[in-house]
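In: my questions are about this predicted structure, shown below with the sequence.
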Amino acid sequence: MDKEEILKLYHNMYAAMIRKDRDGLERVLDDSFVLVHMSGMQQSKTEYIESIMNGTLNYFSEQTSDTDITVTGNTAIMTGRSRVNAAVFGGGRHTWPLQLKFELIKINGVWWFAKAEASTY
């Protein structure tokens, strides 16, 4: 059950990123969320959502190729690999093999993304 919920959370996150849906992102990212970009730059939940809303980060499509989820009590690690079409930080639109390694926490029965580290695969 937990793994299915986490996978749904992953798909909901990408759908919200593509639609620039602030409320959708608020529903999947814990207030403690931090994204570590490939460059090493870190963004808080607020900074990350704002970068999507203002067009610094533009996501157009996502196609999941592989996921791996390990649940330990109220924490989990998920690695998601997807082909992501995006234009970020003023660069051109490209499709990248993007890997996100997530740390998740379960609070009052609800899973949240707490941290993500981006890389390519």
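Out: Received it, and whenever you're ready, just let me know what you need.
In: show me what the lengthiest helix in the chain packs onto, helices and strands only.
Out: Ranked by residue count under DSSP state H, the longest helix found in the chain is helix 2-19. For helix 2-19, the helices and strands in contact under the criterion 3 or more Cβ pairs under 8 Å, 6 or more residues apart in numbering; DSSP states H and E are helix 22-26, strand 57-72, strand 75-88, strand 94-107, strand 110-120. For the C-beta atoms, the positions are set from N, CA and C on the backbone; glycine is no exception.
In: in its sheet, what does the fourth one sit against?
Out: By that I understand strand 94-107. Neighbouring strands of strand 94-107 in its sheet, by DSSP bridges, are strand 75-88 (antiparallel), strand 110-120 (antiparallel).
In: wait, which of the helices and strands packed on helix 2-19 is closest to Lys45?
Out: Closest of those to Lys45 is helix 22-26, at 8.1 Å (criterion: Cβ to Cβ).
In: hey, C-alpha coordinates of that closest one in CSV?
Out: Taking Å, rounded to 0.1, in the frame of the first residue of the first chain, the C-alpha atoms of helix 22-26 are listed here in CSV:
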residue,chain,number,x,y,z
ARG,A,22,1.0,25.6,-6.8
ASP,A,23,-1.7,23.9,-4.7
GLY,A,24,-0.7,20.5,-6.2
LEU,A,25,2.9,21.0,-5.3
GLU,A,26,1.9,22.2,-1.8
